[in-house]
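Peer 1: Generate coordinates for the sequence data below:
(chains A and B)
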Amino acid sequence: MTTVLAPVAGAAIGLAAVSDLVFSQGMVGPGMAIDPERRSGAAVAPITGTIVKLHPHAYIVVGDDGKGVLVHLGIDTVQLRGEGFALLAAEGDRVLAGQPVVAWDPAAVEAGGRSPVCPVVALDAEDGMVGEVAEGRVGAGDPLFQWA
Amino acid sequence: MAERKVTVTSEVGLHARPAATFVQTAAKAPFDVMIAKVDGPPVNAKSILAVLSLDVEQGDFIVVSAEGEGADELLDQLVEIVSAP
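Peer 2: Next up is the predicted model:
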């Protein structure tokens, strides 16, 4: 069982509420999303493991058991080409759950006309493997869901 | 072993929707399906983790391969996905 932490502070919402169909229809995998507080801060690692992919707007951490979690900072934020994001870790780094990975400002993303909602996805997981989801407000590093 | 070599023209590369569609299509096959960047090691095309980690960008040259009944048809579908604008 893996406890997946909230990468950012905000309101825990279901993936179904995400404006991008790729996430809301579960095409990438099951998980949760966070409607973040509109203030700048650091997005943290959702699990302990290795950062196998690090983009300014999205990253994947893979745990020692091979489970990979995708954190996507906002919707369509690939179009920002890194502007407004600062890397606090490097691809290939080993990180502890809760360790800062990317600094960003959800308010700036929203001001630019994009949703700052952050999908947090259990990659290659079956629908039934994700449970005990958080409800309401979560802080960065608080438990978001369990992955069996 | 059936194989296709193709340049990825999808604007976002093999991320987001193309990646999800690619993996979902590959996952329907009853046989193994692999994807590799040219000169790179092949990875499981049915794994969204593996495909996203491969980090295929627009303009990258990739190789998809499979072996089994219907492999050619499947590879044609996968090529179509990465060739979409």
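Peer 1: Output the contacting helices and strands for the helix-or-strand element of chain B with minimal mean pLDDT.
Peer 2: Lowest on mean pLDDT, DSSP states H and E among the helices and strands of chain B sits helix B:16-27, with a mean of 93. Contact here means 3 or more CB pairs under 8 Å, 6 or more residues apart in numbering or on different chains; DSSP states H and E; on that basis helix B:16-27 packs against helix A:21-24, strand B:33-37, helix B:48-54, helix B:71-83. Placement of C-beta: from N, CA and C, glycine included.
Peer 1: Including distance to A:Ile34 and mean neighbour count, could these go into JSON lines?
Peer 2: Output for the helices and strands packed on helix B:16-27, formatted as JSON lines (distance: least, CB to CB, whole Å; neighbours: other CB atoms under 10 Å in any protein chain shown):
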{"stretch": "helix A:21-24", "distance to A:Ile34": "12", "mean neighbour count": "18"}
{"stretch": "strand B:33-37", "distance to A:Ile34": "31", "mean neighbour count": "21"}
{"stretch": "helix B:48-54", "distance to A:Ile34": "20", "mean neighbour count": "22"}
{"stretch": "helix B:71-83", "distance to A:Ile34": "30", "mean neighbour count": "17"}
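Peer 1: would CSV of the ones you listed with mean pLDDT be doable?
Peer 2: CSV is the format used below for those (pLDDT from 0 to 100):
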stretch, mean pLDDT
helix A:21-24, 95
strand B:33-37, 97
helix B:48-54, 96
helix B:71-83, 96
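Peer 1: for these, which one sits closest to A:Val109?
Peer 2: For the helices and strands packed on helix B:16-27, the distance to A:Val109 is smallest for helix A:21-24, at 15.7 Å, taking CB to CB.
Peer 1: What parts of chain A come near chain B?
Peer 2: A:20-22, A:27-29, A:52-53, A:60, A:62, A:68, A:70, A:78, A:123-124 (CB under 8 Å from any CB of the partner chain).
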